[in-house]
Structures are given as C-alpha cells and as structure tokens.
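Novice: when you get a sec, could you give me coordinates for this:
(chains A and B)
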Amino acid sequence: MKIDRRSFLSLGVGAVAGLTLSPLPWKMMDDSSIWTQMWPWTPVPEDGEVSYVNSTCTLCPGGCGILVRKVNERAVKIEGLKGHPVNDGGICILGLSGLQLLYGPTRVKTPLKRVGKRGEGRWEKISWDKAISEVAEKLKNLRKENKPHTVGCISGSANGTLPKLIERFLTVYGSPNFMKIPSIQDSYELTLHLTQGVQALAGVDIENSDFVLSFGSGIIDGWGSPVRMFKANSALKKSGGRLVQIEPRLSNTAAKADRWIPINPGTEAALALGLAHVIVKKSLYHKDFIENYASGFYDKTGDNGFKRFVLDECGLDKISKITGVDKTVMETLAKNFAKAKKPIAISGRGQGKSPGSLNEFMAVHALNALVGNINKKGGISAVPEPDFINWPELEMDAIAAKGMQKERLDGAGSNKFPDTGSLLNRFAQSINSGETGKKYPMEVLFVAGANPCYTMPDTKTTKKAFGKIPFVVSFSPYMDETAQNADLILPNHTCLERYEDMPAPVGLTKPVICLSKPVVSPLFDTKQTGDVIIALAKALSGNISKAFVWDSYKTCLEKTLGSKWDVLVEDGIWVDNDFTAPAWENAFDTPSAKFEFYALKTDDINPVKIEGDDNSYPLVLMPYDSVRLANGFIGDPPFVVKTVSDTVLKGKDSFVEINPETAKSCGLSQGNYAVLSTPKGTAMVKINLFEGIMPGIIALPRGLGHTAYDKYLANKGLNVNDLIGPVEDSVSGLDTAWGIRAKLSKA
Amino acid sequence: MSTKENAKDENTENGSADQDNKGRGDSSSGFIILFFIVGLVASLVVGWIVFPKLLYSRKKQPIDFNHVIHVEAVDEGCESCHFFREDGTFSGIPKLEQCTDCHEEAQGEDPNEIKFVEEYVAKEKEVPWLIYSRQPDCVFFSHVAHVKMAKMDCATCHGPVGESEHSKVYEKNRVTGYSRDIWGKNISGFKKNTYDRMKMDDCAQCHEKETGDKGSCFQCHK
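Specialist: Predicted structure coming up:
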C-alpha cells in the first residue's frame, strides 16, 4: 500500500468538488463584484438631511444671489437665487465652482508665519493671539517712532464695512495709504464727477435700452455684473434691440453682437468723437438736453466748445485714418445710434479690470449726453452709493493727525491727481523708484481681498516692491501669489463661511446692498478680517481702540446696517426701490448746474499710448477677458479651467491668438512654439491662428499662469500681467494700458 | 549507448511498471476514493462553516438599543424616530438631536443609558451606529415611494426590528464592507421571509410580483 501522486490528485478533485458544492465561490464572486464598486477613492456623496441657505456670491463684484444646497453640514451645490434682482436664478461658471474654493486644497488653514525666505513657501503655524500681538507690537513701535504713515493697505474694494473698517483703522492710526484694486468703476466715477459733478456709481440700464454701443465692453464676457449682463443681453435680443461691438478682436460679445466693428486698438476715443461729429453735423442730438441742461457744447469766451471741436477737428477722413473704421460705417452707426429711442454707449474693455483712459470714458459719455439718455430708462444714470455707514466721528491723536498729513505713496489726491482716490498702479513704481526714498519707505503693508502680485500689470515690479517692504501681512483665505510673498498670513473665512456686506454691485441702476452670510461653519482655524482689525485696534488702545466700539465684526455689521439687517439676513439683498435718478433739472452738481462737456484738446483724438517702440516690437499684445477664466483676486478652480478650449490652454502652454496673415509674415503656423517678448518680459507661447483678430495684434487671455495656490491652479499657462505694464493717464493717473508692443519669434 | 539499446531499456521499465500496478491495484483505488472524500469533506467544511466565519467580522453596536421600550414609549410607531423629512427624503437612523429630546439626562440606571448620555449626549457627539440595511452607493432607493405610495410596512424589508430588545451583532463583510443582512444570514442564500435578504433579486422579485415587471436598471442604478 502506497500513497502516490494519484491520491493527491484525487484529494484536489475532492476539494474542488467540495468547494463547488459550498457557497464559497459563488459568494466570493458576488462579493468581489461589489468590492469593485467600493474603491475607497471613489467619491461618495454625503447622505442626509437636505437644506438650502441663500447668500450672496462675493467672488466678483457682481453681487449675485445664490442658493446653496446642503446635505447635513456639507455644501454640495451652488445655484443662482430665483427672483433675485441681480441674477434672477442665473449663475456664472465661477460662482458654480465656488465649492472648490471652499473645500479645495488651496485654503490657508491657520495663521502662518514665514520661516524661510520670502516666497520660499516655508511656514510655521502660530496661534491667533500670537499673530495679532505680533502685528500690534510692530504697529506700536512705528507709532512710537512717529512713523504711522509708513503702514499701508491694499484692499480688494473700497466699499462696504470691511474696507471701511480697515480705512478707519489706518486713519485713526495715522496713515493715508489705503489703496484699492483699480477697475473701470474708478474711471466711471471720475467721469460722472467731472461731467455731472456727482459722487456716484454708473448705473447701466442695458435691459431697457434699444441700441447698445459698446466700446470693447464684453457684456457677455464678464463686464459689469456678469450674470445680470447675460440676462440683459438676452432681454435686448428679445426686445429687438441692437448691440454694436467695437473692438479689435472678435470676442464672444462681438461674435454675438448685431454688428462687430474692428477698430485700431486704443483709438476708441477718436471713434466716439467721430460719431459725435456726425451727430452734431446732422443735428441729430437731443435738442432739449443740449440747449437746456448742458454746458460747454457751444463756444464760450476764450474756450472752444464741444461742437466746434468735433466739427473742426474730428472730420471723418481724419478719424477714419486713426481708427481704421470706414467713413460710411461711422456715418450709419452715428445715425442709427442717435435715432434709436433709448441708445446707450458704454466703455471699459473686456471685463473692465483695467481702468482705462479717462479721455476715452469722457468721449463715450459725451455720446450719451448728445442723445440725452442720462438718468433715463435704458440709459446711464448716476446712482449714489447706499449711505449706511455712519460711524461715530474719529478722534485722531497728534501722531495720527501728523501721519495723515503726509502725501500718499501712490500720489492719489495729490496736486497732480486731485480727483483720484487710489492709484495702485503707481504704488509699485513709487516704492521701487528713488522718488519714494525722498518721501518715505513703506514699513508694513496689509493686503486684504486682493492679490496684487498676480493681478497688477507688471508683476515683476510689483513683487520687487513687495520685496522692499519689511513686513507684509496677507488676509487671504487662499495661498495666492501675494500670500506667498507675505511674512504673515492671517486667513479670512471664505465667502461661504462669513458675514460680509457688498454694497452697490457694479452697474446696477438702484442703490443696493447685498449680504453674504455663512453657509457652513468655518472649516478651519480662520478669522473674519473685520474681527482681526477690531482685535488689532483693541491691542493698540488709546484713540485707536476707542474708534472701534464693537466687540465683533458681526455686531459692527448688524449695528451699521440697522433696520436693513433683518431684510438682508432674510433675502440677502436690500434695494432702495424708491430711488429714481433725479430729473435733469436737479441731476447736475457742477458749477453750471448742467452737464459739462469737457474742453477737448487736439491730443485727445490720438490713440492711447502703450509701452514699447514700434521698431523693436512690431506687434501689439492685448490681454483679453473670458468669462471662463477668473482673473482677479480669486483663482480659477479646476471646474473652470476644464472649460477652457485647447486652443487657449493645452497642458501647461498658453496659446497666443494671431491673425493668419501676421503669423505667415513671422513664419509661424498653428501649434508652433514661439518666443513672445515685450519690454516687460519674455515667455514661451504656442500659436493659435485666429481670423477674428486684426493683423498686427496678438492676444493672450487674463486669468492663467498662477504660480501659487495648489497643484490644480498653479503652472497652467501664462500670466499676461508678467508681460504688460501700466501706462499712466495724465489727468487721472489711472492705468490706461490696453496692451503693449511685442515681438514674436520662432522658438 | 545506441538508440536501439535505449528503446529496449524503456520497454523493460514500462513492463515492470505494469506488473506493479496489477499487484497493488485495489488498495491504490481505495486511497484515491479516501483522499477524494477527505478533500470533499474538508472543503465542504471550509466552504460552509469556516468561510462564513472568516468572511464576516463581528461588531457590537456602540450602544445596545432596545426597540421594544422605545416603541412602547412613543406615539407614532416607527415613524416617531424614523420619519420622512418635509422634502420627502427619509431620515433613517435618528440624529443625536432627536435622542436628546428625551435623553438629555440619563433615564434609569441601565449602563447602556448612562454610557449613551455620558459619551454622546454630553459631548454632543453623534453615535456611530452601524447600519444593517445600508446598500451600496450605486443603489438609489426611495423610502417614500415604498412606504407612502406603495404603503409597504417597514417590516416587509427590515423585519420585526421593532420587537428586538437588544441590538444584534453587526456582521461586516470583510470584502465588501457591507452588513451580512444584505446577503442574508443564510450563507447559501436561501430565504424564508421577505426581510431575510436585501439583494437586487429580492427587489426584483417583489417588483415583479407587485407591478408585473422587474423594472429597469436605471430605476435604481442612476
């Protein structure tokens, strides 16, 4: 008797038979198939009680109402709030992606103190108490040295309780250096101030207009309050109104307009005056308005009036030569504009992120005056900012009073630029140049709700200026480029975690206040910047502490908004429905009590200058805006970047748009790599042939090329601000640059 | 050696092997049968007894819950705690907040009650209940369609849970992560009652009986 191979085979056969007759294989088959549906990395939506919270989106100054769907404590979807006066249920792509900014990895989770070199990205976590006392200590010392004016702040906005709290803090501390991120709002405010004598915001009633003449304003590319503008554009189409888009590049707005008129870039003012020429010459202007409510139209002793100037200096041949727009096109356009019942002319290129030339705004606004649609339905009206911040008067001590008398570092409000409130575009230059050395250096800089190291043209200069400021404090909730270059980050809550008011969303025709409120409790150890400012004030004691009577930002907000608070918490928006723009009799607060046409000079019809000489740089580079890309303080969340076409961004490469003719002359074809250089810098780009751009001009989108945030946002394409620089307006000091001279060569 | 010799050798070897086989034929086949039986029995034991024990890990609920006491104390039966929200979604296992309505302070001396109040109510911490009837994430199930519209009893699927005085042991499938109650206690997959199993076939069976159709894939797998 021997046990051999066959016995073991038999054992195996028996085992297999046994297993087959047992549930094991069948159960395992079933379980393993279920297991494959259960990969631990598969995201699983939260299950639980659904609730909705309404709030205001503050990712841009649009002021859209949002409705956030929550499952238990997790926010899962942001939608537009139906019935909201701004967006009525609509939402833009950035607003939709807001949750990625809340839950994404780009958040700063606790106060951070720099330990490595500036920008090296080495941080140490510190407690709030320690962080605040550290800042307070620095500020105390500067006051001891009688240098309060060397503290400054760059804020994303100048309106609302938070920016006003910061400004109040700086004032009572003793510094005039409160700056804000510039935009076309600055130019519009200045235009209304100079022509109508009012301190007001421009309300743009596109919805009710029947002829919109847009000088490059991307009304469906994110200009004004973006969602409202989408809807206004649809309303305009529905009611049979016309949109004429004037710009050198076929933007989305131009493509959807009734007529696109390509124009030599920077010559918009000349075209506006050319149109004025036709309107005046053919007597198509609004007689009642011009005769009774306008001044400066006719000659005055010693002064040529608007009429004489446009008739004599703005002949169509001359204007046609400057602008590249055909004479007959101008004639028809001017006639159609003037004959429309409710025409409106608007300016501010793209999304209106760059303030632009004052001259251009004044010329375009003069068209509105000529057709008499000021403070009218379907026109432009001066809307006062809601007047709700009435805090007790400040009491400055001697140090503060002395500090406040110093000239601002950016030169705003100086003899040179008396009418401008803030000139951030001059700030970096002023810090870097020796000129400042003579004034005073900046010792401490706060940055709140802004990312100047990314958004300001000429980022290199901006970063260099930051390098000269010994102590930079960022209040950003995100690890953005400015936070990365700071010494201390005191992270704010994101807009879905905090209370904050947003008065006067851009372009609305009535005074409005929006309120954003917490949708979820703060996820991390962050703090409302308002609370940090109040804590700093308390730590500094004396008059500074006295100026801040509130124990928290929320109390301050609640008390400041007073009777409006309940409405705002309930609806998220307060509208002054009783407001109507004053009739012409009472509308103008100028010396003449009339609308004032400004005195034109021959130089006013020349193109707005840009940097660089024609010989070394034969082409012109223009930044353009797309609603698919956020280009301000907020970076593009991954959802947004995914929607960008692969002729704009592919992998890490940005594409530059170029007319096929121009490309041919440079020896470039579709998809080629090329070296793009401007007086500000050099970068590698890819070529995208585009017939919708004028020959000789090339364009790059704003909003790409972040170097900070997280791996999803960083290193995608090129930041156009690295390649362009500011150009100063001689009257306002604001940045007028619409482009820069450039050169493309084969890589 | 030549090729011829090789061939001869092999023949001889084969011949001797044949002879051996003849000699021990019966005993060898006996072993074959014995080994077959051993293998068969061993693997049946493994498949029917050892495997189910290995497949499931046994977990106790954080708190031993007595449904009987609670059903007696409340007015609206199961729906007192397992209710429908206003939007029609089903609340499932109650949140701590609901328990706290009655259990802010410990009621009685039961150690489970004291543990519940001390560890969860006082610390405002949700109880990590283990859910016997939890379905995979790819399954969409609407309680309201079944309970309110088809007027089914909770017990039809969940069994007489309301009559339990203790929380039964939660057996977690080590492969899928789900409760044993989905496949059913019976490892061979046989069931006597409607609530013995919660697999897709069980849904389909009832659907076919009640509606005449098993339904389409996307009704549940959205």
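
Novice: pull the contacting residues for residue B:137.
Specialist: A:37-38, A:42, A:44-45 (Cβ atoms under 8 Å, 6 or more residues apart in numbering or on different chains). In short, each C-beta sits where N, CA and C put it, glycine included.

Novice: of the residues you listed, which is the most crowded?
Specialist: Among these, residue A:38 has the most neighbours (other Cβ atoms under 10 Å in any protein chain shown), with 15 neighbours.

Novice: out of the contacts of residue B:137, who's nearest residue A:327?
Specialist: Using Cβ to Cβ, residue A:45 comes nearest to residue A:327 of those, at 61.6 Å.

Novice: list the contacts of the residue of chain A found nearest chain B.
Specialist: Of chain A, the residue with the smallest distance to chain B, taken as Cβ to the nearest Cβ, is residue A:22 at 2.1 Å. Neighbouring residues of residue A:22 by Cβ under 8 Å, 6+ apart: B:43-44, B:46-48, B:51.

Novice: also near chain A: which of those, exactly?
Specialist: Near chain A, judged by Cβ under 8 Å from any Cβ of the partner chain, the entries from these are B:43-44, B:46-48, B:51.

Novice: pretty sure residue A:685 is in a strand, no?
Specialist: Yes. According to DSSP: H, G, I helix; E, B strand; the rest coil, residue A:685 belongs to a strand.

Novice: find the nearest non-adjacent residue to it, please.
Specialist: Computed as Cβ to Cβ, 6 or more residues apart in numbering or on different chains, the closest residue to residue A:685 that is not its neighbour in sequence is residue A:656, at 4.4 Å.

Novice: and what of residue A:378?
Specialist: Spatial nearest neighbour of residue A:378, chain neighbours left out: residue A:342 (3.0 Å); criterion: Cβ to Cβ, 6+ apart.

Novice: distance check, that neighbour against residue A:420.
Specialist: Distance of residue A:342 to residue A:420, computed by Cβ to Cβ, to the nearest Å: 32 Å.

Novice: these two - which one has more neighbours?
Specialist: Neighbours per residue (other Cβ under 10 Å) separate residue A:342 from residue A:420, with residue A:420 holding more: 26 against 17.

Novice: list the contacts of the residue nearest to residue A:685.
Specialist: Residues near residue A:656 by Cβ under 8 Å, 6+ apart: A:621, A:674, A:676, A:685-688, A:698-700, A:744.

Novice: switch the cut-off to 6 Å
Specialist: Residue A:656 makes contacts with A:685, A:698, A:700, as judged by Cβ atoms under 6 Å, 6 or more residues apart in numbering or on different chains.

Novice: same check on residue A:426?
Specialist: The contact partners of residue A:426, by Cβ under 6 Å, 6+ apart, come to A:410-411.

Novice: follow-up on the earlier one: which among the ones next to chain A among the contacts of residue A:22 count as buried?
Specialist: B:43-44, B:46-48, B:51 (16 or more other Cβ atoms under 10 Å in any protein chain shown).

Novice: tell me which of those residues fall in helices.
Specialist: Among those, the ones falling in helices (DSSP state H) are B:43-44, B:51.

Novice: related to what we said a few turns ago, out of the ones next to chain A among the contacts of residue A:22, which is nearest to residue A:163?
Specialist: Each of the ones next to chain A among the contacts of residue A:22 was scored against residue A:163 by Cβ to Cβ, and residue B:51 proved nearest at 68.3 Å.

Novice: tell me how far the closest one lies from residue A:25.
Specialist: According to Cβ to Cβ, residue B:51 stands 10 Å off from residue A:25.

Novice: kindly report the same for residue A:187.
Specialist: Going from residue A:187 to residue A:25 by Cβ to Cβ gives 76 Å.

Novice: again, but for residue A:363
Specialist: Distance, residue A:363 to residue A:25, by Cβ to Cβ: 83 Å.

Novice: who's more crowded, these two?
Specialist: Applying other Cβ under 10 Å to residue A:363 and residue A:25 shows that residue A:363 carries more neighbours, namely 29 against 14.

Novice: quick one, what contacts the more buried one?
Specialist: By Cβ under 6 Å, 6+ apart, the contact list for residue A:363 reads A:269, A:272-273.

Novice: can you do 10 Å?
Specialist: By Cβ atoms under 10 Å, 6 or more residues apart in numbering or on different chains, the residues touching residue A:363 are A:191, A:215, A:268-276, A:310, A:314, A:345, A:347, A:357, A:598, A:600, A:604-605.

Novice: same thing with residue A:525?
Specialist: Residues near residue A:525 by Cβ under 10 Å, 6+ apart: A:108-111, A:125, A:127-128, A:491.

Novice: in chain A, where is pLDDT below threshold?
Specialist: Applying pLDDT under 70 to chain A flags residues A:1, A:301-302, A:434-438.

Novice: how about stretch A:520-535: buried residues?
Specialist: Residues of stretch A:520-535 classed as buried: A:520, A:522, A:526-535 (neighbour count, 16+ other Cβ under 10 Å).

Novice: same list, those, but as a markdown table with secondary structure and distance to residue A:455 please.
Specialist: Converted to a markdown table, the buried residues of stretch A:520-535 look like this (DSSP: H, G, I helix; E, B strand; the rest coil; distance: Cβ to Cβ, whole Å):
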| residue | secondary structure | distance to residue A:455 |
| --- | --- | --- |
| A:520 | coil | 27 |
| A:522 | coil | 26 |
| A:526 | coil | 22 |
| A:527 | coil | 24 |
| A:528 | coil | 23 |
| A:529 | helix | 18 |
| A:530 | helix | 23 |
| A:531 | helix | 26 |
| A:532 | helix | 23 |
| A:533 | helix | 23 |
| A:534 | helix | 27 |
| A:535 | helix | 28 |
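
Novice: closest to residue A:327 among those?
Specialist: Closest to residue A:327 out of these is residue A:529 (54.6 Å), distances taken as Cβ to Cβ.

Novice: worst-scoring helix or strand of chain B, pLDDT-wise?
Specialist: The helix or strand of chain B with the lowest confidence, counting by mean pLDDT, DSSP states H and E, is helix B:3-45 at a mean of 65.

Novice: residues in contact with the residue of chain B found nearest chain A?
Specialist: Going by Cβ to the nearest Cβ, chain A is nearest to residue B:47 of chain B, at 2.1 Å. If you count contacts by Cβ under 10 Å, 6+ apart, residue B:47 has them with A:15, A:18-27, B:187-188.

Novice: from those, list the buried ones, please.
Specialist: Using 16+ other Cβ under 10 Å, the buried ones in those are A:15, A:18-19, A:22-24, A:27, B:187.

Novice: list the ones among the residues you listed that fall in helices.
Specialist: Those of those mapping onto helices are A:15, A:18-19, A:24, A:27, per DSSP H.

Novice: give the contact list for the closest residue in space to residue B:136 that isn't next to it in sequence.
Specialist: In this structure, residue B:136 finds its nearest non-sequential neighbour in residue A:37, 5.5 Å apart by Cβ to Cβ, 6+ apart. Counting by Cβ under 10 Å, 6+ apart, residue A:37 touches B:136-139, B:176, B:221.
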